[in-house]
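>>> return a 3D structure for these sequence lines:
(one chain, ligands or ions: 1)
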Amino acid sequence: MDMGITGKRALVCASSKGLGRGCAEALAAEGVNLVLNARTQGPLEETAEAIRAKYGVKVVTVAADITSPEGQTAVLAVAGDVDILVNNAGGPPPGVWSDWGREDFIKALDANMLTPIALMKALLPAMMDRGWGRIVNITSKSVKAPIAVLGLSNSARAGLTGYVAGTSRQVAGAGVTINNLQPGMHATDRGLSLAHKRAEDEGITVEDAMKEASAAIPVGRYGTREEFGAACAFLCSQHAGFIVGQNILLDGGEVNATM
Ligand code: NAP
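From the prediction side, this is the model:
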């Protein structure tokens, strides 16, 4: 299927690895030119070069912490007016409800709620003026089904989801869609770090922790960044203009719910 977005320009945050990279590659495969971001220059440049070589699209990079005001300013200065925004950042650390104080919550809210909101506020006006735009926020299945050890993530992402629910309806008439993708377990550095934590907590090997996690997923395995990226590219396509304010689970059926 032709996604109809060849020649568009996308900002994909936190995209040198993992799910962000999956989204960047899937957009590049559709001929979308990219602005990529991550904190660490080396892997970011390697990813950019690999994408240029494979897909022949233009790729510029900004090494910056997207969760800091300075990082956002630097990224936005290079990005200019983009047609597509994919919001992403690292997830908060795991823990127990009694561990977390005000500063922990402020940090999580900054990273996983206020950063995507700031970038949407900065980029929405030009998208609306042009009458076309696509925004995809990478959130988590934890918005739908809480993961107890990720209470900081559950809280911050629920806040973002509430903001998107209303805002997406306010901007849809100008041709801009905003939707959230909710990843379940994926085989990325982040996914593997959670397997390490589980192994440590339960005194088992990482392989056994991954087998246990996979057994709870009807598909029987972790998701891949390529599968995730393909869903993102579809939401950014011309065909997805009637999908507004949705939260789409990519979890292999793990969340056991009728709707
Ligand atoms: P990952 O494999 O660890 O990759 C994270 C990417 O984001 C890297 O490119 C990293 O590069 C970049 N990054 C992290 N913090 C950043 C920051 N502050 N500013 C700019 N770039 C940053 O993680 P992932 O699995 O793709 O996860 C992406 C998001 O999805 C996270 O929020 C995670 O919590 C959420 N999620 C993941 C899963 C899963 O199973 N993988 C499930 C549910 C939710 P640098 O380190 O160089 O900055």
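>>> does the ligand sit close to the helix or strand of the chain with the lowest mean pLDDT?
When each helix and strand of the chain is scored by mean pLDDT, DSSP states H and E, helix 189-202 comes last, with a mean of 91. Yes. Contact of helix 189-202 with the ligand (Cβ under 6 Å from any ligand atom) involves 189-191. For the C-beta atoms, the positions are set from N, CA and C on the backbone; glycine is no exception.
>>> for the residue nearest to residue 208 when sequence neighbours are not counted, what are its contacts?
Excluding the flanking residues, the one nearest residue 208 by Cβ to Cβ, 6 or more residues apart in numbering is residue 199, at 7.1 Å. Each residue near residue 199 by Cβ atoms under 8 Å, 6 or more residues apart in numbering is listed here: 205-206, 208-209.
>>> for residue 164, state which of these is nearest.
Nearest to residue 164 among the contacts of residue 199, counting by Cβ to Cβ, is residue 209 at 32.3 Å.
>>> thought the closest one was touching residue 195?
Yes. Using Cβ atoms under 8 Å, residue 209 is in contact with residue 195, at 4.5 Å.
>>> how about the helices in the stretch 101-250 of the chain?
Along the stretch 101-250 of the chain, counting by DSSP state H, counting those that start in this stretch, helices occupy 102-109, 115-130, 151-171, 189-202, 206-215, 225-235.
>>> other SSEs contacting the first one?
Pointing back at helix 102-109 there. Using 3 or more Cβ pairs under 8 Å, 6 or more residues apart in numbering; DSSP states H and E as the contact test, the elements touching helix 102-109 are helix 151-171.
>>> can you check the longest one too?
Contact analysis of helix 151-171 by 3+ Cβ pairs under 8 Å, 6+ apart lists helix 102-109, helix 115-130, strand 133-138, strand 176-183 as its packing neighbours.
>>> the same query, at a cut-off of 7 Å, please.
Judged by 3 or more Cβ pairs under 7 Å, 6 or more residues apart in numbering; DSSP states H and E, the packing partners of helix 151-171 are helix 102-109, helix 115-130, strand 176-183.
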